[in-house]
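Trainee: can you look at this prediction? I've put the sequence above it.
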Amino acid sequence: QIEALLFVAGEALSLKELARLTACSQTEAAAAVQRIDEAYAQRGIVLREIAGGYRFATAPQTREVVEAYLLPPKSSLSPAAMETLAIVAYLQPVTKGEIEQLRGVNVDGVIKTVTERRLVAEAGRKDVVGRPILYKTTDEFLEAFGLRSLNDLPPLEEQADGEGFPLTLPLLQNAAASPAGAEEAAPAGDDAALGDEAGDEG
């Protein structure tokens with residue numbers, strides 16, 4: 001039953017949810033998940049712990065062939081979008097203005113892109129003049145990058161200017177896994193949210 005639920009679920013399921021749906025204890029659900037994990041360990045489909053739950057995903061070694069089949073060339077995230085994601089991931093919650101201060105360009109188009117892809121979401125408003133919107137990463141972000149939590153992000157190597165702002169942020173290609181729907185983008189202007197977009201302004 002648990003294997004079937006994990007197969008049909010469109011999102012990660014927690015042990016609590018699996019136990020409730022199958023009328024068993026969380027200990028029993030955990031044991032079943034462990035057996036499933038071991039059974040799929042050497043297959044093209046593996047069981048992954050993501051965002052506090054479990055779901056089936058393609059094995060890392062199949063990434064290239066899966067992306068070649070699923071991803072149209074123009075769907076890749078540009079370096080500008082990846083850098084914006086990195087800033088949000090490491091500094092969240094963060095405002096659009098703070099992102100623009102770090103990147104030095106308008107990020108309206110990039111914010112629109114990453115929110116439409118549900119990688120970033122609004123997280124309330126900052127208690128300052130104008131009450132700008134705050135942004136944070138989502139569970140979909142964790143799933144896309146194969147992260148169990150934000151603690152799995154690679155260490156932030158930063159150099160700071162006089163105001164303490166990080167000047168260099170590692171792109172999230174260096175995280176545990178590359179995002180579903182993102183690949184090495186063709187060289188593009190820093191203001192491109194997607195490989196085929198004109199600029200950050202959208």
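Mentor: Cool, got the structure. Residues are numbered from 1 along each chain as shown.

Trainee: which strand or helix spans the most centrally placed residue in the chain?
Mentor: In the chain, the residue lying closest to the centroid (CA atoms, centre = their mean) is Phe141, at 2.2 Å. Element membership for Phe141 (DSSP states H and E) is helix 139-144.

Trainee: quick check: Gly10 is in a strand.
Mentor: No: Gly10: not assigned to a strand; according to DSSP: H, G, I helix; E, B strand; the rest coil it is coil.

Trainee: can you count the residues close to it?
Mentor: Neighbour count of Gly10, defined by other CB atoms under 10 Å: 6. Heads up, the C-betas are built off the backbone N, CA and C, glycines and all.

Trainee: one step back: alpha carbons of the helix holding Phe141, as PDB, please.
Mentor: Output of helix 139-144 as PDB, limited to C-alpha atoms (Å, rounded to 0.1, in the frame of the first residue of the first chain):
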ATOM      1  CA  ASP A 139       9.100  22.900  -0.900                       C
ATOM      2  CA  GLU A 140       9.000  22.600  -4.700                       C
ATOM      3  CA  PHE A 141      12.500  24.300  -4.700                       C
ATOM      4  CA  LEU A 142      13.800  21.600  -2.300                       C
ATOM      5  CA  GLU A 143      12.300  18.900  -4.400                       C
ATOM      6  CA  ALA A 144      13.600  20.400  -7.700                       C
END
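
Trainee: these two touch, right, the residue nearest to the centre of the chain and Leu119?
Mentor: Yes: with contact defined as CB atoms under 8 Å, Phe141 and Leu119 form a contacting pair (4.5 Å).

Trainee: need the next SSE after the lowest-mean-pLDDT helix or strand in the chain, C-terminal direction.
Mentor: Lowest on mean pLDDT, DSSP states H and E among the helices and strands of the chain sits helix 63-70, with a mean of 71. Downstream of helix 63-70, the next assigned helix or strand under DSSP H and E is helix 79-91.

Trainee: that next one packs against which elements?
Mentor: Under the contact definition 3 or more CB pairs under 8 Å, 6 or more residues apart in numbering; DSSP states H and E, helix 79-91 sits against helix 96-103, helix 108-116, strand 133-137.

Trainee: tell me the angle it makes with strand 133-137.
Mentor: If you take axes from the mean of the first three to the mean of the last three CA atoms, to 10 degrees, helix 79-91 sits at 90 degrees to strand 133-137.

Trainee: quick check: angle from helix 79-91 to helix 96-103?
Mentor: Angle, helix 79-91 to helix 96-103, by the same axes, to 10 degrees: 110 degrees.

Trainee: in CSV, list the C-alpha atoms belonging to helix 79-91.
Mentor: Extracted in CSV, the C-alpha atoms of helix 79-91 (Å, rounded to 0.1, in the frame of the first residue of the first chain):
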residue,chain,number,x,y,z
PRO,A,79,22.5,32.1,-14.9
ALA,A,80,20.6,35.3,-13.8
ALA,A,81,17.7,33.2,-12.5
MET,A,82,20.0,30.8,-10.8
GLU,A,83,21.9,33.6,-9.1
THR,A,84,18.6,35.1,-7.9
LEU,A,85,17.5,31.7,-6.6
ALA,A,86,20.8,31.4,-4.7
ILE,A,87,20.3,34.8,-3.1
VAL,A,88,16.8,33.9,-2.0
ALA,A,89,17.9,30.5,-0.7
TYR,A,90,20.7,31.8,1.4
LEU,A,91,19.3,35.1,2.6
